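Visitor: Return a 3D structure for these sequence lines:
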Amino acid sequence: MSSSVSSTIADGTATITLDDGKANALRPETLSAIHAALDEAEAAEAVVVLTGRDGIFSAGFDLDIIRAGGEGTASLVRGGMELALRLLSFPAPVVVACSGHAMAMGSFLLLAGDYRLGVADSGHRISANEVAIGMTMPRAAIEICLQRLTPAGYNRAILLADVFTGDGAVAAGFLDTTVPAGSLADAAAERAAAFAGLSRRAHTESKLRLRQAMLDRLAAAIEADDVYLRSLVVR
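Guide: Numbering: from 1, shown residues only. Below you'll find the predicted structure:
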């Protein structure tokens, strides 16, 4: 497992923590490590808590790879969106404890959780900031945002790269709730323990019934984005 991703399983909860000591940028090895941790969680039939270090959840894709273009960019974008697809269809509840700023792909991973907690009065910024940095929003990202954000929040996020914090992030649909500073880990663990009491079969089947049409659209969007990004390589 990558040194920037750690995972522990205890009392039916798998806690996956992103911490590269910097911005928790998502690179191919980071995505692979998260998948490996999810494999372990799935084998243990554990509820998942995905979190970051204090002050940062994830700043999204490694911009050095994105700006370089070519096959590396296409592969990284596909990998990130496929991770979101896996989280959205994971056969156990997924809690995302947003420990800090969540930007771009970081915000999409946040939106892939079944239950999302943030820190109240923290000023932690959540933003799908692609338009602000000169990137056309990927089709897959649009599908991910559409399934969780309010209509107003969706337009502000996708078209205007607006920044959401605290109660504003809850109102827009990025978060389900906020908790006081210092209690995020405990609150996430409490929610995970409560969700562990759900019928796993009923949870999984209901999740797929609720999201199947969206998951199909997301899978198609991932393919369309991949074709588009790879077409740029040969221009």
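
Visitor: quick one: pLDDT of residue 114?
Guide: Per-residue pLDDT puts residue 114 at 98.

Visitor: Ok, residue 235 next?
Guide: pLDDT, read off for residue 235, is 51.

Visitor: How about residue 134?
Guide: 89.

Visitor: so who does it touch?
Guide: Residue 134 sits next to no residue when contact means Cβ atoms under 8 Å, 6 or more residues apart in numbering. (Each C-beta comes from the backbone N, C-alpha and C, glycine too.)

Visitor: And the one 10 residues further on, by the same measure?
Guide: For residue 144, the contacting residues are 81, 84, 88, 108, 111-112, 218, by Cβ under 8 Å, 6+ apart.

Visitor: Which strand or helix spans it?
Guide: Remark: residue 144 resides in helix 139-146, with elements defined by DSSP states H and E.

Visitor: tell me the mean pLDDT over that helix?
Guide: 98.

Visitor: buried set for that helix?
Guide: Using 16 or more other Cβ atoms under 10 Å as the test for burial, helix 139-146 gives 139-145.

Visitor: Would you convert those residues into a markdown table that also reports distance to residue 174?
Guide: Listed next are the buried residues of helix 139-146 as a markdown table, based on distance: Cβ to Cβ, whole Å:
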| residue | distance to residue 174 |
| --- | --- |
| 139 | 20 |
| 140 | 17 |
| 141 | 13 |
| 142 | 15 |
| 143 | 16 |
| 144 | 11 |
| 145 | 9 |
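
Visitor: re the thing from before, now the contacts of residue 144 as a markdown table including neighbour count, secondary structure and distance to residue 170?
Guide: A markdown table is the format used below for these (neighbours: other Cβ atoms under 10 Å; DSSP: H, G, I helix; E, B strand; the rest coil; distance: Cβ to Cβ, whole Å):
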| residue | neighbour count | secondary structure | distance to residue 170 |
| --- | --- | --- | --- |
| 81 | 25 | helix | 25 |
| 84 | 22 | helix | 20 |
| 88 | 22 | helix | 20 |
| 108 | 25 | helix | 18 |
| 111 | 26 | helix | 13 |
| 112 | 24 | coil | 17 |
| 218 | 26 | helix | 24 |
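
Visitor: Do a quick rundown of the helices in the chain.
Guide: Assigned by DSSP state H, the chain shows helices spanning 28-43, 63-68, 70-88, 105-111, 139-146, 151-160, 166-172, 184-196, 200-233.

Visitor: helices and strands around the second one, which ones?
Guide: Using 3 or more Cβ pairs under 8 Å, 6 or more residues apart in numbering; DSSP states H and E as the contact criterion, the secondary-structure elements in contact with helix 63-68 are helix 70-88.

Visitor: which phi and psi does residue 25 have?
Guide: Dihedral pair for residue 25: phi -70, psi 140, per degrees, to the nearest 10.

Visitor: Find the centremost residue of this structure, please.
Guide: residue 109 (0.6 Å; Cα atoms, centre = their mean).

Visitor: tell me which helix or strand of this structure sits lowest on mean pLDDT?
Guide: Every helix and strand of the chain was ranked by mean pLDDT, DSSP states H and E. The lowest is helix 63-68, at a mean of 91.

Visitor: Might you report the residue contacts of residue 75?
Guide: Applying Cβ under 8 Å, 6+ apart, the residues near residue 75 are residue 28.
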